[in-house]
Structure formats: structure tokens, C-alpha cells
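*Asks:* Generate coordinates for the sequence data below:
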Amino acid sequence: MPKQDRLPKQDRFPKQDRSRATRRRLLEAAVACLAEHGWAGSTVSVVAERAGVSRGAAQHHFPTREDLFTAAVAYVAEERSTALRALFPGAPTEGPADRSAVVAALVDLYTGPLFRAALHLWVAASNEEQLRPQVTELEARVGRETHRIAVELLSADESRPGVRETVQGLLDMARGLGLANLLTDDGARRERVVTQWAALLEEALD
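*Replies:* Residues are numbered from 1 along each chain as shown. Just a heads-up that it's a prediction; the model follows:
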């Protein structure tokens, strides 16, 4: 057996491990910069500095600004799905999740920093021709995935008339609350809306 094959895995692939860690730091920094500074203030240099890497290292992973922030959108999408799943790890195999909790969890996703970062990228994509098709495609995938997860967690039967539209209405409502949250954090009002939507869902889905 060649000598290198007998080495521990972590010793054989240190460069790959470092590369993955650097890429993740850049993506996390890009998301944080978008959420805090918006598109105009989120340059590759700013992101690289926040991530603790050189500009050259950042451009090695992401040659252009569009590459970096498109990857950040994909990262945000995965994190959003993971965050929702993590709230209800046993669903739907262990029975339906509490619908009030599902509604609250969805609203939380749309009012948190991940959604805020995605929103800034949407605004940028509306004015950047090179960025728009990539962001549009990724967001369409995020929308389908979020809808699918919501259907599973709510135990919604979409073969029934109006159920699909009801679930989509919930997601649209959560997105709207996320937009409103950019200007003011009205937690009390949001809680009342969540309670009412949960009651409406119970009636519509049952």
C-alpha cells in the first residue's frame, strides 16, 4: 500500500479542508455584510476583510462579485431549509408538527438575518443584469423547497381544492412580515398575526 494511503484522512486532505473552511467563512461574511450594509456596501474587499482572508484568496474561490453573492444566495437557501428542518427534526415521520409552531417558525425564518441578506440581493439583482438570472433561478428553487417543507410540516393535503393556495398564502404572508420587519420590529403585532393565521390554517386544512 502506498505510504500516502496509510495517512489519516485529515493529514491527506489538509488543503481541501482549509479551502472548504475559507469558502464557508467567505459565504458567512457575505451574508452578514449584505444584512448589515446592503449591496452597495458589500464589496469583495469588505467581505474578505470580515472573513479574515486576503482579497486574492477571496477571488480564488469567487472570481467576481456576482459569483460570490450568487453563491451566498445558495448558501442562504440551504441554511433556511436546514433551520426549518432543525426546528422539527421528527416531522413528518413522528406525526404532524403543531401548526401554530410551524407558522411561527416560518415567520421567524422570514424575519431573521438570512432573509434580510437575501432581500438585499434581490434588490441588487433587480438592477444588475448579470446577477438577475442567477438569483431568479435560485430563489425559484428556494420557493419550491420552502413550499414543500411547509406542506410536509403542516400535513397539508394539496389534492384538496384551495389547500395549495392556502399554504402559499401563508408563505406570502410570512414574507410580507419579513419586509415589514426591515423598518420596525413589531413583535406584538406579529404574534397576533401568527396566532390568527394558525387558526385559519387549522380550519382550512382540516
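
*Asks:* Which parts of the chain are strands?
*Replies:* Read by DSSP state E, the chain holds no strands at all.

*Asks:* Output the below-cut-off pLDDT ranges for it.
*Replies:* The chain contains residues with pLDDT under 70 at 1-13, 87, 89-97.

*Asks:* cutoff 50 now
*Replies:* 1, 4, 7, 9-10 (pLDDT under 50).

*Asks:* can you pull out the helices in this structure?
*Replies:* According to DSSP state H, the chain carries its helices in the segments 9-12, 14-37, 44-51, 55-61, 65-87, 99-111, 113-127, 132-154, 163-181, 187-205.

*Asks:* Just name the most buried of the ones you listed.
*Replies:* Sort the helices of the chain by mean neighbour count, taking mean count of other CB atoms under 10 Å, and helix 99-111 sits at the top with a mean of 21. (Each C-beta comes from the backbone N, C-alpha and C, glycine too.)

*Asks:* what packs against that one?
*Replies:* The elements that helix 99-111 packs onto, with contact taken as 3 or more CB pairs under 8 Å, 6 or more residues apart in numbering; DSSP states H and E, are helix 65-87, helix 132-154, helix 163-181, helix 187-205.

*Asks:* can you rerun that using 10 Å?
*Replies:* helix 65-87, helix 113-127, helix 132-154, helix 163-181, helix 187-205 (3 or more CB pairs under 10 Å, 6 or more residues apart in numbering; DSSP states H and E).
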